[in-house]
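Visitor: predicted coordinates and the sequence they were generated for:
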Amino acid sequence: MTDEKGEILQGLQDVLQTEYPIAKDAIYKLEIFLRARSKRAVYELRDAFDHIAMIYSSDTSLDEAREHLAEVRTHLRRASVEPMEYLVERTWLKADRILTNGFWWWPLLLLKKPSPADIVALNRQQTELGSLLAQGRQKKAMRAALPLLNEALDGAQDVLDRLRPKELRSRLFAVALSVIVLIVGLGISAIKDSSPTLTGWATSSPLVFVFCLFIIFYYC
């Protein structure tokens with residue numbers, strides 16, 4: 001092996017130890033946060049390994065091997081940027097839909113709506129995050145894109161967390177469980193009475209009725 005070829009292989013090893021973990025981390029984040037997979041990232045990884053195979057080909061000259069090494073870097077960088085861009089965009093859009101559509105259904109679950117000042121601050125933060133996302137898109141071909149997208153993701157997740165009260169999940173659970181208990185109670189009442197009503201259910205199945213009330217008051 002010539003010194004030049006050894007230098008290229010050392011460069012390839014450096015790329016696989018530095019660039020590939022970044023791409024893998026971005027893909028994992030997408031799978032964990034959104035339970036989705038990026039086809040574009042898979043294509044980029046495939047192209048990167050195509051270039052790696054060409055580097056090891058005996059028919060590849062030194063100049064061509066250097067070009068393939070540069071392409072490996074490019075494809076791995078794209079494989080890290082594509083999932084992050086998609087993840088940031090989806091998270092940002094979720095928060096934006098909540099801010100845009102309003103909070104009309106929150107009182108139905110006895111949730112306290114954000115104050116006007118909080119809404120103004122969140123809208124301002126959303127605008128800043130949208131700017132970060134745009135900058136990251138503009139610099140997709142450069143290494144500087146990933147820090148911008150990471151910052152935008154952290155900010156968008158923070159906005160989304162602030163727009164989702166801690167009590168939201170328990171209130172939704174209480175509503176769903178109450179509906180199930182109501183259906184079960186009416187079913188029990190129907191077995192005992194040919195024309196079931198809520199009053200008949202409460203009298204014929206008092207334990208189920210009390211349990212339903214307990215669930216509602218406990219979670220709300």
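Guide: Looks like it came in fine.

Visitor: next SSE after the host helix or strand of residue 28?
Guide: Per DSSP states H and E, residue 28 falls inside helix 3-34. Using DSSP H and E, the helix or strand that directly follows helix 3-34 along the chain is helix 39-56.

Visitor: mean confidence (pLDDT) on that next one, please.
Guide: For helix 39-56, mean pLDDT rounds to 89.

Visitor: got the buried residues for the helix or strand following it?
Guide: Downstream of helix 39-56, the first helix or strand assigned by DSSP H and E is helix 62-101. Of the residues in helix 62-101, 65-66, 68-69, 71-89, 91-92, 94-96, 98-99 count as buried by neighbour count, 16 or more other C-beta atoms under 10 Å. To be clear about C-beta, it is placed using only N, CA and C from the backbone, and glycine gets the same treatment.

Visitor: which other helices and strands contact helix 62-101?
Guide: In this structure, helix 62-101 packs against helix 3-34, helix 39-56, helix 116-138, helix 145-163, with contacts taken as 3 or more C-beta pairs under 8 Å, 6 or more residues apart in numbering; DSSP states H and E.

Visitor: the inter-axis angle of the helix holding residue 28 versus helix 62-101?
Guide: The directions of helix 3-34 and helix 62-101 differ by 20 degrees, with axes from the mean of the first three to the mean of the last three C-alpha atoms, to 10 degrees as the criterion.

Visitor: deepest-packed of the helices and strands packed on helix 62-101, please.
Guide: Neighbour counts (mean count of other C-beta atoms under 10 Å) averaged over each of the helices and strands packed on helix 62-101 peak at helix 145-163, with a mean of 19.

Visitor: now that helix and helix 116-138, what's the angle there?
Guide: 160 degrees.

Visitor: how far off centre is helix 145-163?
Guide: Taking C-alpha atoms, centre = their mean, to the nearest Å, one finds helix 145-163 lying 11 Å from the centre of the chain it belongs to.

Visitor: and if you look at stretch 146-166?
Guide: Centroid separation for stretch 146-166 versus its chain: 10 Å, with C-alpha atoms, centre = their mean.

Visitor: same deal with stretch 41-54?
Guide: Taking C-alpha atoms, centre = their mean, the mean C-alpha location of stretch 41-54 is offset from the chain mean by 25 Å.

Visitor: re the thing from before, as TSV, the helices and strands packed on helix 62-101 with distance to residue 180 would be great.
Guide: What follows is the helices and strands packed on helix 62-101, written out as TSV (distance: least, C-beta to C-beta, whole Å):
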stretch	distance to residue 180
helix 3-34	29
helix 39-56	38
helix 116-138	34
helix 145-163	28
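
Visitor: what about residue 175, how many neighbours?
Guide: Around residue 175 there are 16 other residues, counting by other C-beta atoms under 10 Å.

Visitor: and for residue 60?
Guide: Burial of residue 60, expressed as a neighbour count using other C-beta under 10 Å, amounts to 18.

Visitor: what do you get for residue 180?
Guide: Here the number of neighbours of residue 180 (other C-beta under 10 Å) works out to 12.

Visitor: just the element for it, please.
Guide: Residue 180 belongs to helix 168-192, assigned by DSSP H and E.

Visitor: domain ranges for this protein, per the record?
Guide: The record's domain split for the chain, according to automatic domain parsing, is 3-165, 169-219.

Visitor: residue 75 reaches residue 42, doesn't it?
Guide: No - distance between residue 75 and residue 42: 11.2 Å, which falls outside the contact criterion (C-beta atoms under 8 Å).
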